[in-house]
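In: Quick one, structure for this:
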Amino acid sequence: MKKTMLLITVFAILTNPLLSLQANQTNHASQAHDEIYTLASEYLKQKTDQKIFDATFELKKLSRTLILPRCQSPLTLKDRNPNSVSGRITLSVSCDQPTWRVFIPVVITGKLPVILSTKGISKQAVIKEEHVKRTLLSYKKVPKGRLIDINTAIGMRAVRAIPANQVLKIKDLSPPYWVFKNQQVNIITRIGGIEVRAIGVALKNGVEQEQVPIKNTSSQKTIKGIVIAPNTVLIP
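Out: Residues are numbered from 1 along each chain as shown. Below you'll find the model as predicted:
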């Protein structure tokens, strides 16, 4: 009896012997499939809210011949793919009293936010506001490792040349330089509670917290400083 109730797209684990006895009884004594679909749909709405836009859900329907004893306890839903908000996932809905469980495959479609280049960006160029925009794309066109926050992109450097209309990925960007080779920098030295300032020239580009060589303009000595702010280094 149980084997005949297994479906290709929906699997039911039915461990209570009452199942076979309920098959010929009226629907008021069985669990309505619509209750299961409603529970799944409400969960999917919460799962995808603000994460995927224009979302649609395709739930594989339970067989009409599958009779589930009415649950005497609240139905329990579990997500076998909790981190996925698009594509194929599987939900399970189960009952503790009497014991049964069904698996429901779901296909989630919709659009995901991405950061798109509005024009070509040269290698090592600092990305400006006019270089990028936030838009929505079908989840099937969205690559892994994409950027979501436009503010993350602005001010960063392009690791490689980026063509127009390209989805920006995290690996495409590097932190911005705070000091630049052959440009003037402020040198700060702290001795006890005293702060001494001087002027120097950076001998290489440097990002935040990077140690770079600096030539002191007064002494002409080369020293090493840690980049602590734009055009500013601290001598440890």
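
In: Report how many residues lie close to T90.
Out: Number of residues near T90 (other Cβ atoms under 10 Å) recorded here: 16. Every residue, glycine included, has its C-beta placed from N, CA and C.

In: Nearest spatial neighbour of it, chain-adjacent residues omitted?
Out: R80 (4.5 Å; Cβ to Cβ, 6 or more residues apart in numbering).

In: give the contact list for the one you found.
Out: Contacts here follow Cβ atoms under 8 Å, 6 or more residues apart in numbering; on that basis R80 touches I89, T90, L91, S92.

In: pretty sure S41 is touching L59, no?
Out: Yes - the pair S41 / L59 is scored as a contact, 7.3 Å apart, by Cβ atoms under 8 Å.

In: So those two - more neighbours on which side?
Out: A side-by-side neighbour count of S41 and L59, using other Cβ under 10 Å, places L59 first with 16 against 12.

In: I'd like to know which elements the top helix by length along the chain is packed against.
Out: Determined from DSSP state H, the single longest helix within the chain is helix 33-48. Counting by 3 or more Cβ pairs under 8 Å, 6 or more residues apart in numbering; DSSP states H and E, the packing neighbours recorded for helix 33-48 are strand 53-59, strand 76-79, strand 87-95, strand 100-117.

In: Please repeat the previous calculation with a cut-off of 6 Å.
Out: Contacts defined by 3 or more Cβ pairs under 6 Å, 6 or more residues apart in numbering; DSSP states H and E place helix 33-48 against no helix or strand at all.

In: Tell me where the protein is predicted with low confidence.
Out: Counting by pLDDT under 70, the ranges of the chain that qualify are 1-29.

In: Please, where are all the helices along it?
Out: 18-22, 33-48, 150-153.

In: Could you export those as TSV, including distance to N186?
Out: TSV is the format used below for the helices of the chain (distance: least, Cβ to Cβ, whole Å):
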stretch	distance to N186
helix 18-22	78
helix 33-48	49
helix 150-153	27
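
In: Okay, buried residues for stretch 166-174 please.
Out: Q166, V167, L168, K169, D172, L173 (16 or more other Cβ atoms under 10 Å).

In: what's near enough to touch the fifth one?
Out: For D172, the contact set (Cβ atoms under 6 Å, 6 or more residues apart in numbering) comprises V159.

In: from here on, count from 32
Out: Renumbered: residue one is now 32, and that last one reads D203.
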